[in-house]
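Participant: make a model of this:
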Amino acid sequence: MLIAIASGKGGTGKTTIAVNLALSLKDTHDVVLLDCDVEEPNVHLFMQPTFTDQAEVMTTVPEIAMDKCDGCGKCSEFCAFHAIGVAGHRPITFPELCHSCGGCTLVCPSGAITEVPRRIGSIEIGCGSGISNVKGALEIGSPLAPMVVDAVRNAIPQDHSNKAIIIDASPGTSCAVVAATQNADFCLLVTEPTPFGLNDLTVAVELARRLELPHGVVINRAGLGDSSIHDYCNRTGIPILMEIPFELKYAACYARGGRLVEEFPDLKDKFLRLWDLIQQQTKTRAGAPK
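Facilitator: Purely as a prediction, here's the structure:
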């Protein structure tokens, strides 16, 4: 089963849920934990894995042979991402904006454009606490996070029916979140009972609905704010699958890089119950008439 853990905003406890759910399942499941928050990966800070394999994530960008270019500007006209401009009949490339579609090489009438490799990130594969870990990291200055996310997801077997694969997605609803959550069996949305939490939860719910992902909510720091999250979920029919109380001891554990289910074993039962509820939700959806 492939579970994507997402949130409409940062700081809700998304990584906390991903790490502790993985730790709760490791004795009974073959667990793989994917850190697809490639702009700010931090799962490894809690899991402390030993990475044994590494691979670069590469893309291609245009390189222009000036001795062949006649400055016609067709490449610039074609590029929807403005990765090529023309000034004074001389082309200028902006590799950071290139999405590697290859169109510029096709429309160039003089054959002046070739594609050359460019590094945009890396992935690392290893194991920690008996759990397989894959970490993606975007190269500083690169905007192409979805390509690195795809590389992280492609590092696991495509048949995940016998595994518990947990994805820690980026916060928000960007293209990187779409890449991390698409085709998941379930999307777990982590929020907090505050006005900001509610506002950003509604945006994350809209994303899950557009991707046609079954989804449910975890409320972290429950008891901190008001009942607006409960009211919203009750009104829209979204199940609240777990609540973690607002407790100083939990915050202190997180701050020093601790793992909640190890320091507070009672929470492990809540995470195992969360997993059971997720499975029930997916079975209910699978059996629903289409």
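Participant: got the contact list for residue 196?
Facilitator: residue 9 (Cβ atoms under 8 Å, 6 or more residues apart in numbering). (Glycine included, C-beta is placed from N, CA and C.)
Participant: wait, a strand at it?
Facilitator: No. Judged by DSSP: H, G, I helix; E, B strand; the rest coil, residue 196 forms no part of a strand; its state is helix.
Participant: do you know how far it is from residue 171?
Facilitator: Counting by Cβ to Cβ, to the nearest Å, the gap from residue 196 to residue 171 is 12 Å.
Participant: contact partners for the spatially most central residue of the chain?
Facilitator: The centroid of the chain falls nearest to residue 169 when counting by Cα atoms, centre = their mean (2.4 Å). Shown in contact with residue 169 (Cβ under 8 Å, 6+ apart): 4-6, 14, 36-37, 176-177, 180-181.
Participant: could you list which of the residues you listed belong to strands?
Facilitator: Among the contacts of residue 169, the ones falling in strands (DSSP state E) are 4-6.
Participant: please save the CA atoms from stretch 8-17 in CSV.
Facilitator: Extracted C-alpha coordinates of stretch 8-17, given in CSV (Å, rounded to 0.1, in the frame of the first residue of the first chain):
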residue,chain,number,x,y,z
GLY,A,8,-1.5,22.4,3.2
LYS,A,9,1.2,24.3,5.2
GLY,A,10,4.6,23.6,6.7
GLY,A,11,5.1,22.9,10.4
THR,A,12,2.0,20.8,11.0
GLY,A,13,3.9,17.6,11.9
LYS,A,14,3.8,15.8,8.6
THR,A,15,7.2,14.3,9.0
THR,A,16,6.4,13.3,12.6
ILE,A,17,3.4,11.3,11.3
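Participant: in that stretch, what counts as buried?
Facilitator: Neighbour-count burial for stretch 8-17, counted by 16 or more other Cβ atoms under 10 Å, picks out 8-9, 12-17.
Participant: ok, now stretch 154-172?
Facilitator: 155-156, 163-172.
Participant: strands of the stretch 101-250 of the chain, start to end?
Facilitator: Taking DSSP state E, counting those that start in this stretch as the test, the strands found in the stretch 101-250 of the chain are 113-128, 131-138, 164-171, 186-191, 215-222, 240-245.
Participant: TSV for the ones you listed, including mean pLDDT?
Facilitator: Shown next, in TSV, are these (pLDDT from 0 to 100):
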stretch	mean pLDDT
strand 113-128	97
strand 131-138	97
strand 164-171	96
strand 186-191	98
strand 215-222	96
strand 240-245	97
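Participant: convert the C-alpha atoms of the helix or strand hosting residue 61 to CSV, please.
Facilitator: Per DSSP states H and E, residue 61 falls inside strand 50-64. Extracted in CSV, the C-alpha atoms of strand 50-64 (Å, rounded to 0.1, in the frame of the first residue of the first chain):
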residue,chain,number,x,y,z
THR,A,50,23.0,4.5,6.7
PHE,A,51,22.9,5.4,3.0
THR,A,52,24.7,2.8,0.8
ASP,A,53,23.7,3.9,-2.7
GLN,A,54,23.6,7.4,-4.3
ALA,A,55,22.6,8.6,-7.7
GLU,A,56,22.5,11.9,-9.4
VAL,A,57,19.3,13.2,-10.9
MET,A,58,20.0,14.7,-14.3
THR,A,59,18.1,16.6,-16.9
THR,A,60,19.0,18.1,-20.3
VAL,A,61,19.3,21.7,-21.3
PRO,A,62,19.9,23.4,-24.6
GLU,A,63,23.4,24.3,-25.8
ILE,A,64,23.7,26.6,-28.8
